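J.: With the sequence up front, the predicted model follows.
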Amino acid sequence: MSDFNDELDARGLNCPLPILRAKKAINKLESGQVLKITATDPGSVKDFEAFCKQTGNELVETSEAGDEFTFFIKKS
């Protein structure tokens, strides 16, 4: 996905920091806008799935390249 409104670099951060920083970034977005997150914590995959279920935001896409994980979350 190449269309996003804001980007968060959470590389090198471990749980719960990627989620906390993503929550802060998403709060600044308007409904329907997309946040791109890049993380290196392997636990972030399950963390962001749970985060989206709890918050009602949509996990649009998840991908993995080497030791980096990329998430696109659309604000509800």
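T.: In hand now; what should we look at? Fair warning: this is a prediction, and the values are worked out from it, not measured in the lab.
J.: how much space between Asn14 and Gly56?
T.: Distance from Asn14 to Gly56, counting by C-beta to C-beta, to the nearest Å: 25 Å. C-beta here means a position set from N, CA and C on the backbone, and glycine is covered the same way.
J.: Same drill for those two, tell me which one is more crowded.
T.: Legend: neighbour count by other C-beta atoms under 10 Å for Asn14 and Gly56, higher for Asn14 (13 against 8).
J.: and Glu61, what element?
T.: Under the criterion DSSP states H and E, the helix or strand holding Glu61 is strand 58-65.
J.: Remind me what that strand packs against, helices and strands.
T.: helix 44-55, strand 68-74 (3 or more C-beta pairs under 8 Å, 6 or more residues apart in numbering; DSSP states H and E).
J.: Now do the longest one: distance to the chain's middle.
T.: Read that as helix 44-55. 9 Å (C-alpha atoms, centre = their mean, to the nearest Å).
J.: repeat for stretch 14-26
T.: That offset, for stretch 14-26, works out to 8 Å (C-alpha atoms, centre = their mean).
J.: In that stretch, which residues are buried?
T.: Residues Pro18, Ile19, Arg21, Ala22, Ala25, Ile26 are the ones in stretch 14-26 that count as buried (16 or more other C-beta atoms under 10 Å).
J.: Let me see the contact set for the residue nearest to Leu29 when sequence neighbours are not counted.
T.: Leaving aside its chain neighbours, Leu29 sits nearest to Lys75 (4.6 Å; criterion: C-beta to C-beta, 6 or more residues apart in numbering). Counting by C-beta atoms under 8 Å, 6 or more residues apart in numbering, Lys75 makes contact with Ile26, Leu29, Glu30, Ser31, Gly32, Gln33, Val34, Leu35, Asn57.
J.: mind redoing it with 7 Å?
T.: Ile26, Leu29, Glu30, Ser31, Gly32, Gln33, Asn57 (C-beta atoms under 7 Å, 6 or more residues apart in numbering).
J.: Mind checking which of the residues you listed are in helices?
T.: If you go by DSSP state H, the contacts of Lys75 have Ile26 in helices.
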